[in-house]
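> need a structure here:
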Amino acid sequence: MRRAIRIVPILVLSPATFADVVVFENDYNGFLEAVGVVNVIDFDTLPNGEPTEVSVELTEDFNYDEQGVHFSAPIPYPFCAGNPSSGFGLRVEGGTEESWIITELITPAQAVGGFFGGFTELCTFDELGDQIACVSYSEPGGPNFVGIVSDIPIHSATLGDGDESETISSFVFAPVPEPGTVILVASGLVFMARRRRRS
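The predicted structure follows:
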């Protein structure tokens, strides 16, 4: 007696099956729709949990590593700027040389972004240091926002305006999700990519 064998195809979806990168220019709500929950470092609190004071420098040993990001610059060190009433930010000044803020993610991220005034460009990089994508935005005043969501894990990012100084008021990031939620995140990227193409 022959038994019928039913072959059921199994579809294995990898993140590469979906849209690989979506950039956001001053669209924080769209960024959140694509990512969901994000971690925010707003620089109103120092890495040790104390209230921020003007000109406190971030160094190799005094940084936001426990919060998930290590900040640096080509010309050390980034420092806290601002005041308690208007809020603090992270600033770098290169004197006469171009400078920018470098962010190294302690755990790879699926999305990063930053708030700033005026103009900045955000570039993201993979584990090997290869560029994933860049996005820039310019508008007087602010706060303005740029963000990148990627199915390629983001290991580091830079923020800079091509000048000798840069200031961001906050940095947001979303760690790479657990494997069980990768499909849901990738589906969100596809939805956002299609929505952006239609508009």
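> in what helix or strand does the residue lying closest to T167 once chain neighbours are set aside lie?
Spatial nearest neighbour of T167, chain neighbours left out: R91 (4.3 Å); criterion: C-beta to C-beta, 6 or more residues apart in numbering. To be clear about C-beta, it is placed using only N, CA and C from the backbone, and glycine gets the same treatment. Counting by DSSP states H and E, the element that carries R91 is strand 87-93.
> Partner strands of that strand and their direction?
strand 79-83 (antiparallel), strand 165-168 (antiparallel) (DSSP bridges).
> out of these, deepest packed?
Of all those, strand 165-168 carries the top mean neighbour count, a mean of 23, counting by mean count of other C-beta atoms under 10 Å.
> ok, and what's touching it?
Strand 165-168 is contacted by residues 81, 89-94, 99-101, 114-117, 120, 159-160 when judged by C-beta atoms under 8 Å, 6 or more residues apart in numbering.
> Show me what secondary structure element comes after that strand.
Following strand 165-168 in sequence, per DSSP H and E, is strand 170-175.
> for that next one, which positions count as buried?
Neighbour counts over strand 170-175 (16 or more other C-beta atoms under 10 Å) mark 170-175 as buried.
> before we move on, back to that, out of the strands paired with strand 87-93, flag the one nearest P47.
Evaluated over the strands paired with strand 87-93, closeness to P47 peaks at strand 79-83, with 10.5 Å, by C-beta to C-beta.
> just how off-centre is stretch 46-53 within its chain?
22 Å (C-alpha atoms, centre = their mean, to the nearest Å).
> swap that for stretch 57-75, please
15 Å.
> Give me the pLDDT for the spatially closest residue to F116 that is not a sequence neighbour.
The shortest distance from F116 to any non-neighbouring residue, by C-beta to C-beta, 6+ apart, is to I168 (4.9 Å). In this model, I168 is scored at 97, pLDDT.
> Check the one 3 residues further on too.
Per-residue confidence for F171 comes out at a pLDDT of 98.
> my guess is it contacts F116, does it?
No: F171 lies out of contact with F116 (C-beta atoms under 8 Å); the separation is 9.9 Å.
> Common neighbours of those two, please.
With C-beta under 8 Å, 6+ apart, F171 and F116 have common neighbours L159.
> so who does G89 touch?
43, 80-82, 167-170.
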